[in-house]
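# give me a 3D structure for the following:
(one chain, ligands or ions: 2)
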Amino acid sequence: MTGPAPLELLGVAVKVGVAAAELINDLRPTGRVDVASTKSSSTDVVTEIDTTVEDFIRRRILEDRPADAIVGEEGEDWAGSSGVAWLVDPIDGTVNFVYGIPQYAVSLAAVADGETLAGFVINVVSGERWGAARGVGAWRSLGAERMQLGQAEPLAEGLAHALVATGFNYLPDLRARQARAVAELMPHVRDIRRFGSAALDLCALASGRFDAYVEQGLQPWDLAAGALICREAGLVVSGLDADGVMGEPSERLVMASSKALAEEFFALVVACGF
Ligand code: IPD
Ligand code: CA
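Ligands and ions are numbered 1, 2, ... in the order given. As a prediction, this is how the structure comes out:
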């Protein structure tokens, strides 16, 4: 049996993701958004809109692909029989969303046999979008402007001039460890940025707005779409397995950069204690 075409899945992701972003804009009140509950720590928040939008996304995906599974950040998992599972982050950057900082996104990825086949991320406020289909490539669009994403220009000055995006987990102990590792990293790179949405950070990296990215504690729905977009744009995305050997990105570690920087950057990340 042949599996679904990545481009077909990307078409579903774009249609549902754009509709979800419209729904978020319709539902968001002015000012701060009320927190409905918390998850891993008291700062890891969920709003009613996160849950409503995840339900909407699940219903809309199942209308087109009724036999697929759904794994969402906020709701119960939904079992399927097609072999395709959707990783759904209805609002990546929920803290930004609560405060009204215009840096939050819908992130959708379709996965089969452990491989991400399609990924779509939309900045809900600006409408900027990124999509990728496995083996086909990655693109970015804003209004009528649309471009294919390709390998970034090599950084002439190397790692010392690299602008590195990162993020911090909600668990205080892990945050403290991440902060120590970032302090080690700082003297070796140009600077760091922390914008508050891992999905948008990875898309920004794929668009050449950063030179590298590192974060720990991400979940599959935070990273799957952005990681495919980076890889299809020619970047290297990696992690560390339990034995400290370079492997697939995971909750333990996600690091990404151009091919030219990857070896040196990944070694620095490990040396800094991430
Ligand atoms: C979070 C964001 C943030 C990252 C956290 C994620 P959420 O997702 O992606 O940038 O640093 O690790 O949990 O909670 O806003 O969906
Ligand atoms: Ca998220």
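# drop to CA atoms for contacts and neighbour counts, all remaining ones
OK.
# shaky segments in the protein?
1-2, 151-152 (pLDDT under 70).
# list the contacts of the residue lying closest to residue 204 once chain neighbours are set aside.
Nearest residue to residue 204 in three dimensions, chain neighbours excluded: residue 210, at 6.5 Å (CA to CA, 6 or more residues apart in numbering). Residues near residue 210 by CA atoms under 8 Å, 6 or more residues apart in numbering: 162-165, 204.
# closest to residue 116 among the residues you listed?
Taking CA to CA as the measure, residue 116 lies nearest residue 204 of those, at 19.1 Å.
# quick one: that closest one is in a helix?
Yes - Residue 204 sits within a helix when classified using DSSP: H, G, I helix; E, B strand; the rest coil.
# and for it, the neighbour number?
Residues lying near residue 204 (other CA atoms under 10 Å) number 21.
# now do stretch 141-149: distance from first to last residue.
Stretch 141-149 has an end-to-end distance of 10 Å (CA to CA, to the nearest Å).
# show me what the closest residue to ligand 2 within the chain is bridged to.
At 3.9 Å from ligand 2, residue 92 is the closest residue in the chain, using CA to the ion. For residue 92, the beta-bridge partners under DSSP bridges are residue 105.
# which residue ranges of the stretch 1-150 of the chain form helices?
Under the criterion DSSP state H, counting those that start in this stretch, the stretch 1-150 of the chain contains helices at 6-27, 48-64, 94-99.
# most packed of those?
Of all the helices of the stretch 1-150 of the chain, helix 94-99 has the most neighbours on average by mean count of other CA atoms under 10 Å, namely a mean of 20.
# other SSEs contacting it?
In this structure, helix 94-99 makes packing contacts with strand 45-46, judged by 3 or more CA pairs under 8 Å, 6 or more residues apart in numbering; DSSP states H and E.
# quick check: neighbours of the strand it packs on in the sheet, parallel or antiparallel?
Sheet pairing of strand 45-46 (DSSP bridges) gives strand 37-38 (antiparallel).
# who in this protein is up against ligand 1?
91-95, 167-169, 196-198, 217-218, 222 (CA under 6 Å from any ligand atom).
# let me know the distance separating residue 269 from ligand 1.
The spacing between residue 269 and ligand 1, counted by CA to the nearest ligand atom, to the nearest Å, is 17 Å.
# what packs against whichever strand or helix holds residue 239?
Taking DSSP states H and E as the criterion, the element that holds residue 239 is strand 236-240. Contacts defined by 3+ CA pairs under 8 Å, 6+ apart place strand 236-240 against helix 220-232, strand 246-247, strand 254-257.
# can you give the distance of the second one from its chain's centre?
Spelled out, it's strand 246-247. 19 Å (CA atoms, centre = their mean, to the nearest Å).
# quick one: contacts of it?
238-241.
# nearest spatial neighbour of residue 190, skipping sequence neighbours?
Once flanking residues are discounted, residue 190 sits nearest to residue 161: 4.4 Å by CA to CA, 6+ apart.
# how about the contacts made by the one you found?
Applying CA under 8 Å, 6+ apart to residue 161 gives the contacts 155, 189-191.
# and for the nearest residue to residue 88 once chain neighbours are set aside, the neighbour number?
Sequence neighbours aside, residue 72 is the residue nearest to residue 88 in space, at 4.5 Å (criterion: CA to CA, 6+ apart). Neighbour count for residue 72, taken as other CA under 10 Å: 22.
# so residue 72 touches residue 91, yeah?
No - using CA atoms under 8 Å, residue 72 is not in contact with residue 91; the gap is 10.6 Å.
# tell me where the stretch 151-274 of the chain has strands.
163-166, 191-193, 212-215, 236-240, 246-247, 254-257 (DSSP state E, counting those that start in this stretch).
# by contact count, what packs against the second one?
Using 3+ CA pairs under 8 Å, 6+ apart as the contact criterion, the secondary-structure elements in contact with strand 191-193 are strand 163-166.
# returning to what we had before: how close does the residue nearest to residue 204 sit to ligand 1?
15 Å.
# mind listing what the residue nearest the centre of the chain touches?
By CA atoms, centre = their mean, the mean C-alpha position of the chain lies nearest to residue 199, the distance being 2.3 Å. Neighbouring residues of residue 199 by CA under 8 Å, 6+ apart: 92, 105, 107, 121, 222-223, 225-226.
# that's all I had, so thanks and see you.
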